[in-house]
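Student: here is a sequence with its predicted model. Questions after.
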Amino acid sequence: MRRIRLHTSKKIALTAAAVSAVSIAAAGGTYANFTATPVTISNNAFAAGTLEMDRSGAGAVFSAAGMAIGDDASGSVTITNSGSLAGEYSLSASASGDLAPALDLVIYKDNDGQAGSKIYDGALDGLGSVGLGTFASDGGSHTFYFHVFLPTTGSDAGDNALQGKSAGASFTWSATQA
């Protein structure tokens, strides 16, 4: 057998050539890129919801003139959430006048006269604010029944002191997004 001897310089040249070929092949493969066609999804729309309130009727819920001891006045109003969002509702009141502390106010929600639906029972000038719960969106409504009564003070002198006195009240329904 005959041995072929390569010179060291030929070995170095062959090794360099092999390394160069591998490097060129690897470098060429790392710079290839694929691209995709962009996809556009349009017509994405956004709108804020609404919290709107309507009431039945117009004017005062009730009115009474010339009241005597033992008289009462009543009225009702329906409050509707006509917005697209549910709301947490509340009722607040402010009363004025010398007769306000003597008048008793009872308010029922949805069922007039039923104890379980009573939301307030006290002096006309004592109602600060009361929570009414959540009203559903798009037509959630509740009817409120108001009763005002002029009771006796327990004495003729006390009752006579109420003659000619007057009172007024404002009722405000408010709502915040539930």
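Tutor: Received it, and whenever you're ready, just let me know what you need.

Student: in the protein, which spans are strands?
Tutor: 53-55, 72-81, 87-96, 104-109, 118-123, 129-135, 140-149, 168-177 (DSSP state E).

Student: any chance of CSV for these, columns mean pLDDT, distance to residue 40 and mean neighbour count?
Tutor: No exception for glycine: its C-beta is placed from N, CA and C like everyone else's. As requested, the strands of the chain are exported to CSV (pLDDT from 0 to 100; distance: least, C-beta to C-beta, whole Å; neighbours: other C-beta atoms under 10 Å):
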stretch, mean pLDDT, distance to residue 40, mean neighbour count
strand 53-55, 95, 41, 14
strand 72-81, 96, 39, 17
strand 87-96, 96, 38, 17
strand 104-109, 97, 52, 20
strand 118-123, 97, 54, 14
strand 129-135, 95, 41, 15
strand 140-149, 96, 40, 19
strand 168-177, 95, 34, 14
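
Student: can you put those strands in a markdown table and add distance to residue 47?
Tutor: Formatted as a markdown table, the strands of the chain follow (distance: least, C-beta to C-beta, whole Å):
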| stretch | distance to residue 47 |
| --- | --- |
| strand 53-55 | 20 |
| strand 72-81 | 18 |
| strand 87-96 | 18 |
| strand 104-109 | 32 |
| strand 118-123 | 34 |
| strand 129-135 | 21 |
| strand 140-149 | 20 |
| strand 168-177 | 15 |
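
Student: residue 64: which of those is closest?
Tutor: Across the strands of the chain, residue 64 has its closest neighbour in strand 72-81 (3.5 Å, C-beta to C-beta).

Student: partners of that closest one in the sheet?
Tutor: With DSSP bridges as the test, strand 72-81 is paired with strand 53-55 (antiparallel), strand 140-149 (antiparallel).

Student: relative to strand 129-135, how tilted is the last one?
Tutor: This means strand 140-149. For strand 140-149 against strand 129-135, the angle by axes from the mean of the first three to the mean of the last three C-alpha atoms, to 10 degrees is 150 degrees.

Student: my guess is residue 174 contacts residue 87. True?
Tutor: No. With contact defined as C-beta atoms under 8 Å, residue 174 does not count as touching residue 87 (9.0 Å).

Student: what distance do you get for residue 74 to residue 84?
Tutor: The gap separating residue 74 from residue 84 is 33 Å, by C-beta to C-beta, to the nearest Å.

Student: which residues does residue 91 contact?
Tutor: 107, 119, 127, 129-130, 132, 144, 171-174 (C-beta atoms under 8 Å, 6 or more residues apart in numbering).

Student: from those residues, pick the one nearest residue 59.
Tutor: Among the contacts of residue 91, residue 171 lies closest to residue 59 (C-beta to C-beta), at 12.2 Å.
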